[in-house]
Structure formats: structure tokens, C-alpha cells
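K.L.:
build me a model from this:
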Amino acid sequence: MIAEEEAREKVLEKIQVRASRRVSLSHALNCFAAEDYFSSLPLPNFDNSAMDGYAVVASASGVGKRLRVIGEQPAGLDRKLLVSPGEAIRIFTGAPMPAGADAVVMQEDVTRESSEIVMNADVDPGDFVRRRGCDLTEGQKIVAKGEPIRATTIALLASQGFREVSVGGEVDAAIISTGDELAEPGTKLQPGQIYESNSVMLQALLQRCGAVVKSVGHCKDEADSLRKTLEQATKHSVLIINGGVSVGEHDLVQSTLLSLGAKIDIWRVAIKPGKPFVFGRIRKCTVFGLPGNPVSAFVTFLQFVRPAIFKMMGAANFDLPKVPAKLIVDLRNESDRPHYVRGKCENGNFSPVGRQESHALFGLSQSNALLRLAVGEVRTCGDIVDIELFN
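P.N.:
All right, here's what the predicted structure looks like:
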């Protein structure tokens with residue numbers, strides 16, 4: 001059994017970054033940029049109005065002033081209008097500013113009288129004008145290599161005229177659950193059986209990481225069947241095996257992997273929950289064996305599988321987001337392993353949720369964060385702790 005930090009380092013050391021690819025912006029969500037991107041246009045690209053109103057010369061405007069309306073500039077093509085002192089041009093949000101105008105007065109602050117307006121408020125130069133480049137300058141870095149591409153990132157790239165983006169390679173994955181006790185949801189449970197729930201959880205976690213799940217299957221605790229199933233699944237770049245990785249007589253995963261020529265780098269990690277854990281390779285397939293208990297599978301996925309997937313996809317940061325929170329209960333880790341406490345972070349406070357055993361799926365479902373307690377660590381109510389957010 002190795003330390004958690006050593007296991008994570010060993011996993012990341014063995015993982016290779018996959019070759020980059022070009023995708024359309026509409027397919028770039030949750031990918032990672034494979035290169036730096038820079039702006040070719042300032043934002044906004046021209047001075048424009050931030051309001052519906054009237055473009056005016058500020059020095060010739062003010063309460064009680066009467067201005068002649070000489071034209072209209074809607075959003076769209078610049079009509080190349082010119083405004084002089086004593087004049088106003090009807091303008092709309094996003095429309096280019098007419099030459100000579102240095103301010104916009106809101107339509108609510110004037111009284112329209114035929115072809116004139118009467119000012120009901122003072123106006124200063126720059127009022128309600130979006131200046132060219134005030135948001136983004138030309139040549140500014142807009143996306144860094146390894147940065148996740150979010151919906152807002154896609155909008156920013158599109159604003160610069162990009163139709164495609166270079167992103168990290170795709171990760172295709174297979175999931176195999178094991179165990180005679182598992183029944184498929186929707187079927188009738190037999191005495192001693194439970195519904196299989198881990199594979200759908202792992203599938204969701206992989207999809208959230210941006211991986212593509214190509215295969216999900218189940219295998220009973222039978223060596224020949226397991227061997228055939230594993231052999232077929234190793235055609236994918238990642239294989240996650242759930243259950244059967246402990247030391248019981250029916251835990252056949254490690255021996256079956258070895259019979260297929262797997263190189264096992266890790267077997268058992270000092271982490272709670274989640275000590276039974278396998279990491280290795282079969283040819284070009286990276287293999288993770290996760291514990292069968294749902295909380296253990298969840299925690300080991302977040303701590304070991306997620307960073308590996310992110311590295312494969314070209315991410316610059318592999319860690320879960322961390323935030324400080326105030327602990328509202330006393331906690332102590334009396335285990336011989338670091339313990340990840342499941343709980344809820346809400347309004348800056350963190351509290352454990354439900355039972356903290358490795359089978360306690362309901363408590364996990366109500367949680368959104370993990371608190372790591374080192375061996376022997378004691379925390380008291382009111383302490384500020386760093387927590388990892390997973391929702």
C-alpha cells in the first residue's frame with residue numbers, strides 16, 4: 001500500500017498527453033485549448049451606444065437645452081452621420097457613435113417635441129458610450145494553452161472570428177462493473193442482490209470530464225468471462241473496472257489483468273474511503289480498478305482518474321477547485337489513512353452529510369464537497385478549512 005500523494009504522482013507520471021485535434025467551436029465545450037489564442041480585434045470594435053437615446057455633444061447639452069434631431073442611427077451599418085453642437089441623433093443600443101458626438105443621453109431623460117428634444121438632465125462626455133477596446137485590446141491573450149473551454153470561452157473566440165479551435169485529444173473510455181450480487185435496474189431483485197449503480201455514476205463522471213464513454217458492461221465473478229470482457233474493453237484508451245479489486249477469493253480483477261499481460265503500477269492506496277485501487281496498462285490502454293463501494297469508487301475517481309483524464313486531454317490544471325469554508329462541527333480522523341469527509345458547502349460553511357461509511361450513497365448524493373483530514377488530524381468548530389468542490 002502506497003501513500004495517496006505517491007499514487008497520484010505515479011499515475012500522472014505514466015499518463016501521456018494525447019495528440020491535439022481541430023474541432024468546430026460548437027464541439028469544443030469541455031475540451032482544453034491545445035495552444036494560446038490572441039485577439040485580432042478589440043472589443044468593442046468601434047465606439048457605440050450603451051443605451052437607447054440620443055447622441056449629443058456634451059458641452060452643448062444640459063438641463064433645459066433644446067436640440068434639433070437631425071437623423072437616426074440604429075444598430076447595424078454605420079450611416080456615417082455627423083452631429084454638431086445644438087443637434088442630436090436618435091441612437092439605439094449597440095449602434096456606432098456618430099462623428100462629433102461624445103455622449104448619449106437616455107431617452108427617458110428627454111422630452112421629444114416633433115423634430116426636437118428638450119433635455120431634462122445634464123450629460124457629461126463619455127456618458128453611456130462604450131469606447132473601442134474598453135473590454136479587450138488587440139493582441140491580448142484570450143485563451144491559454146491547457147485552459148478549459150467553457151460556453152463563455154466559445155463566445156469570446158467567436159467574437160474574434162474563430163470557427164475552429166485546436167484542443168486536446170479525445171479520450172474514449174470503457175466501464176466494466178463486476179459482481180454476482182449486482183442486478184440491472186428495472187429487473188427484479190433476487191435475495192442477496194442489489195441494483196448496480198456505480199457504472200452510471202462513473203459514466204456521468206467521465207462525461208463531466210469531457211471523456212467519451214464508448215462501452216458500459218457488467219461481468220459476473222467468473223474468470224473466463226471476466227478475461228474475455230476485459231480483453232475486448234482494452235481497445236479503448238481508458239478502461240475503468242469497478243469492483244473485484246480487493247483481496248477476497250472472488251476478487252479476480254488483478255489476477256485476470258496479469259494473465260492478459262497487464263503491467264500493474266499500483267495496487268492499494270492509503271486513502272479512506274478507497275484503499276482497494278489498481279492502476280496499470282495493457283498495451284495502449286490505461287486501466288483503473290476502483291473499489292465496489294460507491295463512495296470509495298467516487299472518491300478514488302476524483303483523486304486519481306479525473307487528473308489522469310485531464311492530463312490526457314491536455315489540461316493545465318488537474319485539481320478540483322478548492323475554496324476556504326468555516327467548519328461547523330468538530331472532526332477528528334482516528335483512521336490510519338487520510339480521510340475524505342463528504343459534506344455540503346453552503347454560504348461559506350462546511351458540514352458533513354449523512355453517514356461517512358463507504359456504502360453511504362444517500363449522504364454522498366446530498367454532498368457537494370470533500371474535506372481531507374490527514375491521519376490524526378483534529379479540526380474544531382469554527383476552523384477555516386480548504387475543501388474540494390465537486391458539484
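K.L.:
how far away is Ser84 from Asp52?
P.N.:
Taken as CB to CB, to the nearest Å, the spacing of Ser84 relative to Asp52 amounts to 22 Å. Bear in mind the C-beta positions are built from the backbone N, C-alpha and C, glycine included.
K.L.:
for Ala325, same thing?
P.N.:
When CB to CB is applied, the distance between Ala325 and Asp52 equals 44 Å.
K.L.:
equivalent analysis for Ala158, please.
P.N.:
From Ala158 over to Asp52 (counting by CB to CB), the distance is 25 Å.
K.L.:
who has more neighbours, the two?
P.N.:
Here Ala158 and Asp52 are compared on neighbour count by other CB atoms under 10 Å; more neighbours surround Asp52, at 17 against 13.
K.L.:
just checking, that one touches Ala95?
P.N.:
No - applying CB atoms under 8 Å, one finds Asp52 not in contact with Ala95, separated by 9.1 Å.
K.L.:
remind me which helix or strand Gly343 belongs to.
P.N.:
Here Gly343, judged by DSSP states H and E, is contained in strand 339-346.
K.L.:
ok, residues contacting that strand?
P.N.:
Outside of strand 339-346, the residues that reach it under the criterion CB atoms under 8 Å, 6 or more residues apart in numbering are 271-273, 295, 299, 303, 323, 325, 331, 333, 350-354, 356, 363-364, 366-373, 387, 389.
K.L.:
please pick the buried ones from these.
P.N.:
When neighbours are counted using 16 or more other CB atoms under 10 Å, the contacts of strand 339-346 contain these buried positions: 271-273, 295, 299, 303, 325, 331, 333, 350-354, 356, 363-364, 367-373, 387.
K.L.:
contact partners for Phe92?
P.N.:
Counted by CB under 8 Å, 6+ apart, Phe92 has contacts 49, 52, 73-75.
K.L.:
quick one: buried ones out of the residues you listed?
P.N.:
When the contacts of Phe92 are checked against 16+ other CB under 10 Å, the ones flagged as buried are 49, 52, 73.
K.L.:
just the closest of those to Lys188, please.
P.N.:
Lowest distance from Lys188 to the buried ones among the contacts of Phe92 (CB to CB) belongs to Asp52, with 64.4 Å.
K.L.:
now for the contacts of Phe92: which two are most distant?
P.N.:
Every pair in the contacts of Phe92 was compared (CB to CB); the two farthest apart turn out to be Asp52 and Gln73, at 11.2 Å.
K.L.:
determine the number of other residues adjacent to the residue nearest to Gln140 when sequence neighbours are not counted.
P.N.:
In this structure, Gln140 finds its nearest non-sequential neighbour in Ser39, 4.9 Å apart by CB to CB, 6 or more residues apart in numbering. By the other CB under 10 Å criterion, the neighbourhood of Ser39 contains 21 residues.
K.L.:
how about the contacts made by Ser39?
P.N.:
Contacts for Ser39 were tallied using CB under 8 Å, 6+ apart; they are 136-142, 160.
K.L.:
lovely, talk soon.
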